[in-house]
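Chemist: show me how the following folds:
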Amino acid sequence: MSARLVLLVALFVAALSAGAGAGTLRLATWHLELDRDGPGLLLRDLRRGGDPRIKAIAGLIAAVAPDVLVVQGVDYDHGLRALSALRDRIAEDGPYYSHLFALRPNTGWPTGLDMDGDGRRGGPRDAQGYGTFSGQGGMAILSRYPLDRDGARDFSAMLWRDLPGALLPRWPDGRPFPSQEAQAVQRLSSVGHWVVPLRLPSGSVSLMTFHATTPVFDGEEDRNGRRNHDEIRFWQRYLDGAFGNPPARRFVVIGDANLDPNAGEGRRGAIRALLADPRLRDPLPGRATVAWDETGPLRVSYILPSADLVVAGAGIHWPPEDAPDRAEAEAAGPHRLIWVDLTLD
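Modeler: So this is what the prediction gives:
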């Protein structure tokens, strides 16, 4: 079967299923780690075909078949060509996502300053967010349902120092780390913070998505640990109304916080506070979402619906060792796809 015919079949199936409207909405998030070492390389690999990881990723997405998929670790380009190619590859095995959303991330965004205190400029850690080129390892939303682009809010340009109570790093003598000049331009988001309304027949659900920096790979100043803490804490300040009117109901915090509440390195108070916030539900308490060789299993990815939403089910797609698709899951990478089903009126 040709790729074009496969795509047409997927579009037809999507059209049949899109009328579900009221009922269950399946949300999923997954750190794909598909970022490449240079611009255009991910698009090249998607068009070329034959990459076993991409094949495994597409197969697992087909197995879970979420209505909305929030991904991290996908290179951003103008026109969303790589994301569109990924969407088309997924459609060969599973759902077709007719609605795509991605904004330029802070990864690789040059500052012209020494941002990590090593005395040099122009390195990947001197960008607004770690990256060897602008757009490396961005995030995106793929959806069967329309996304309200005009109503979306992008907080990615907000300065770190403008977060109330920001834990900005300092040198041992109390000076701003790495410099006052750097902190005057340093954004909070290492990748991005977005609030994107999802348009459903039953009304809107706001997707509050982000990808926080890793809390390690720094020095005694704990620049990454502090930034990770504040990137997570942003959501509670947002819900408090610190940055305009937040959604009053039907919202979901969804993405990669890069922090486990009970294990690994980092300032765990931020994620513990978010998980304990009475405005949110935690459908997957204590479940690992990644297994790195260096750390073992950790929980770093989250889907936290607002307390007014009804959770019908939740899971982490990680087949048992004797399951036929276990090898496919392992080939897809260390991160695991997590999903939550919501019952909507």
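
Chemist: now the helices for the chain?
Modeler: All helices of the chain, identified by DSSP state H, fall at 3-17, 41-48, 52-64, 81-91, 180-183, 223-239, 269-276, 326-331.

Chemist: kindly compare burial across the ones you listed and name the winner.
Modeler: helix 223-239 (a mean of 23; mean count of other Cβ atoms under 10 Å). Any C-beta I mention is one placed from the backbone N, CA and C, and that applies to glycine too.

Chemist: format the helices of the chain as TSV; extra columns: mean pLDDT and distance to G137.
Modeler: Formatted as TSV, the helices of the chain follow (pLDDT from 0 to 100; distance: least, Cβ to Cβ, whole Å):
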stretch	mean pLDDT	distance to G137
helix 3-17	37	27
helix 41-48	97	10
helix 52-64	96	15
helix 81-91	98	12
helix 180-183	98	22
helix 223-239	98	15
helix 269-276	98	21
helix 326-331	92	20
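
Chemist: so for T132, which of these sits nearest?
Modeler: Closest approach to T132 among the helices of the chain (Cβ to Cβ): helix 41-48, 11.1 Å.

Chemist: output the contacting helices and strands for the closest one.
Modeler: Other helices and strands packing on helix 41-48, by 3 or more Cβ pairs under 8 Å, 6 or more residues apart in numbering; DSSP states H and E, are helix 81-91.

Chemist: what's the angle from the helix it packs on to helix 52-64?
Modeler: Helix 81-91 runs at 60 degrees relative to helix 52-64, counting by axes from the mean of the first three to the mean of the last three Cα atoms, to 10 degrees.

Chemist: now do helix 81-91: which elements does it pack against?
Modeler: helix 3-17, helix 41-48, helix 52-64, strand 68-74, strand 99-101, strand 138-143.

Chemist: how about a markdown table for those, with distance to P197 added?
Modeler: Below are those laid out as a markdown table (distance: least, Cβ to Cβ, whole Å):
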| stretch | distance to P197 |
| --- | --- |
| helix 3-17 | 21 |
| helix 41-48 | 28 |
| helix 52-64 | 23 |
| strand 68-74 | 12 |
| strand 99-101 | 11 |
| strand 138-143 | 11 |
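
Chemist: contacting residues for the spatially most central residue of the chain?
Modeler: What sits nearest the mean C-alpha location of the chain, by Cα atoms, centre = their mean, is G255, with 3.8 Å. G255 sits next to 29, 70, 72, 139, 209-212, 301-302 when contact means Cβ atoms under 8 Å, 6 or more residues apart in numbering.

Chemist: where's it relative to G108, distance?
Modeler: Separation of G255 from G108 (Cβ to Cβ, to the nearest Å): 19 Å.

Chemist: ok, D75 next?
Modeler: 10 Å.

Chemist: for these two, list the residues in contact with both.
Modeler: Any residue near both D75 and G108 by Cβ under 8 Å, 6+ apart counts here, and that gives 135-136.

Chemist: who has more neighbours, the two?
Modeler: Just comparing D75 and G108: by other Cβ atoms under 10 Å the higher neighbour count belongs to D75, 29 against 23.

Chemist: and the gap between the closest residue to that one other than its chain neighbours and A56?
Modeler: Counting by Cβ to Cβ, 6 or more residues apart in numbering, D75 lies nearest to L42, which is 4.5 Å off, once chain neighbours are set aside. Distance of L42 to A56, given as Cβ to Cβ: 16 Å.

Chemist: again with A323
Modeler: On the measure of Cβ to Cβ, A323 and A56 end up 14 Å apart.

Chemist: okay, and the beta partners of H317?
Modeler: Beta bridges link H317 to L337, judged by DSSP bridges.

Chemist: list the contacts of it.
Modeler: 60, 63-64, 329, 336-339.

Chemist: same deal with A184?
Modeler: A184 makes contact with 159, 161 under the criterion Cβ under 8 Å, 6+ apart.

Chemist: number the chain from 508, please
Modeler: All right, first residue 508 from here; so that's A691.

Chemist: mind checking the backbone torsions on it?
Modeler: phi -70, psi -20 (degrees, to the nearest 10).
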